[in-house]
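**Q** what follows is a predicted structure for the sequence shown.
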Amino acid sequence: MLTAVGFSTRALVQCARREGLAVRSFDCCGDRDTREIACSTEVIDLNDPSWIKTLEPSARVILAGGCEDIGESLELLSRVDPTIIPEQYLQIRDWRNWRQWALGSGLKFPSTYTVDEWLCSNVSATAESAKNALHQTQRWLWKKQRSAGGLGVSFIDPKELLEPSSLRADHSPELGVLQEYVLGKSIGISFLSSNHGTVIVGMAESMPLQKHIWSDFIYRGSIGPVLIPDWLVSPINSFARTVVRTTGWTGLWQADFLLTGSDLYLIEINPRWTASMELIVNGYDLPLVTWHANCRQLGESDWKRLQAKVEGTHRESTLKFRKEVLYAKEDSIVSIEEGEKWWGRRWIARDCVGDGLWYADIPQVHSALTKGAPVCSRIERIYS
């Protein structure tokens, strides 16, 4: 029995069941389609990990976002599945490591400072940098270290960079960092790593950002799978080898980048299932959940066959999808009519037929929707 844990597990559970795997769900949403396809479903509070103590051992625990930065949750989950190694997750989620791995692989990383670094002994140079940033209208971000889906990321007023007291008052040093804002195309590249190497399983583009009451960087959706430019393959593979050699990671993971001209900036690394992976699964027809669950046991010959399958599907597949998260424009209650409309066009993955428009992450009828909160996902097939 696999165990899926995260803020929303629907896509992970659906891909697992499509591959013939039994999976139980623990998430914050309890969506109607998750309840239909999971062996069991429990709605949890990720900020209260006490529920983990009730879990029986699992063949594998697969994270779907929300726990990868919480040391206590990782420690408790490691008792359910010993392949969950807390130190490994925390190492992969450390932005200082991201910077080291990116620069060491010939990629770029946005200028990033802790509040203390910004204000410390190099204050004269730092202050000059701040003045230059203000003069040049360079934009800076405040990024919480525990965040996902664009939450916890916001623009910072450049004037605050010149006011230490204001900076400390508004931005707790232990909770986040200041980072240079880089404008570019946002892409997510998914990897699978084993003891025999790492393979790029696919890439997706993020949909353009729009203003949102919670954050200007809220996740809007993805388009994928998309082809990886040939010139990116070598530096990306070098970067992946560095990450895996340093951490010993096995299984699925994703790195988010910004592509600006010929420069590739690493933004973050997610050692878990991500929102765009289901597009890769269904676009390329790859059993990513099965591979993740079994990658520790794969022999070298099996790994070579896996690599060959990935490379073949990248050349041959023509399926592409757009997944857009729909957010509530006002407080409301899901009506029977809305719920049944979405349910009647529910996404059943690659097996779908029809006109190429479906809905997923469907809330229960009569559910309360809060303004700004995610309602459901709209998935469209892209015909090229």
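**A** Okay, I see it. Residues are numbered from 1 along each chain as shown.

**Q** quick one: the helices in this structure?
**A** If DSSP state H is used as the criterion, the helices of the chain fall at 10-18, 32-37, 71-80, 86-92, 95-104, 115-119, 123-135, 164-170, 230-247, 277-284, 288-294, 300-316, 336-344.

**Q** buried residues in the shortest one?
**A** Which is helix 115-119. Buried residues in helix 115-119, counted by 16 or more other C-beta atoms under 10 Å: 115, 118, 119. Every C-beta, even on glycine, is put in place using the N, C-alpha and C of the backbone.

**Q** against residue 191, how distant is the residue nearest to residue 183 when sequence neighbours are not counted?
**A** Spatial nearest neighbour of residue 183, excluding adjacent residues (C-beta to C-beta, 6 or more residues apart in numbering): residue 260 at 6.4 Å. Separation of residue 260 from residue 191 (C-beta to C-beta, to the nearest Å) stands at 22 Å.

**Q** of those two, who's got more company?
**A** The residue with more neighbours, out of residue 260 and residue 191 and counting by other C-beta atoms under 10 Å, is residue 191; that gives 22 against 13.

**Q** which strand residues bridge that one?
**A** residue 200, residue 253 (DSSP bridges).

**Q** verify the stated contact: it with residue 249.
**A** No: contact criterion C-beta atoms under 8 Å: residue 191 and residue 249 do not qualify, at 9.0 Å.

**Q** and residue 155, bridged to which residues?
**A** residue 141.

**Q** can you list the domains in the chain?
**A** 2-84, 112-180, 320-384 (automatic domain parsing).

**Q** how far does the last one sit from its chain's centre?
**A** If I follow you right, that is domain 320-384. Distance of domain 320-384 from the chain centroid (C-alpha atoms, centre = their mean, to the nearest Å) equals 20 Å.

**Q** if we can go back for a sec, so how far is residue 140 from the residue nearest to residue 183?
**A** 17 Å.

**Q** least trustworthy helix or strand in the protein by mean pLDDT?
**A** Using mean pLDDT, DSSP states H and E, the weakest-scoring helix or strand in the chain turns out to be helix 123-135, at a mean of 51.

**Q** returning to that earlier point: and the residue nearest to residue 183, what's its pLDDT?
**A** For residue 260, the pLDDT comes out at 94.

**Q** what sits against residue 238?
**A** For residue 238, the contacting residues are 105, 106, by C-beta atoms under 8 Å, 6 or more residues apart in numbering.

**Q** what distance do you get for it to residue 107?
**A** Counting by C-beta to C-beta, the gap from residue 238 to residue 107 is 9 Å.

**Q** circling back: got a list of what the residue nearest to residue 183 touches?
**A** Under the criterion of C-beta under 8 Å, 6+ apart, the contact list for residue 260 reads 182, 183, 184, 185.

**Q** recalculate using a threshold of 10 Å.
**A** Shown in contact with residue 260 (C-beta atoms under 10 Å, 6 or more residues apart in numbering): 108, 182, 183, 184, 185.

**Q** ok so, going back, common neighbours of residue 191 and residue 249, please.
**A** Common neighbours of residue 191 and residue 249 are listed as 198, 240, 243, 269 (criterion: C-beta under 10 Å, 6+ apart).

**Q** which of these are buried, as a PyMOL select command?
**A** Those of these that count as buried under 16+ other C-beta under 10 Å are selected in PyMOL with:
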select buried, resi 198+240+243+269
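
**Q** would you list the shared contacts of residue 191 and residue 249 in CSV and tack on distance to residue 40 and pLDDT?
**A** Listed next are the shared contacts of residue 191 and residue 249 as CSV, based on distance: C-beta to C-beta, whole Å; pLDDT from 0 to 100:
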residue, distance to residue 40, pLDDT
198, 33, 97
240, 35, 98
243, 34, 98
269, 31, 97
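
**Q** quick one: residue 377 and residue 8 touch, right?
**A** Yes: counting by C-beta atoms under 10 Å, residue 377 does reach residue 8; the two are 9.3 Å apart.
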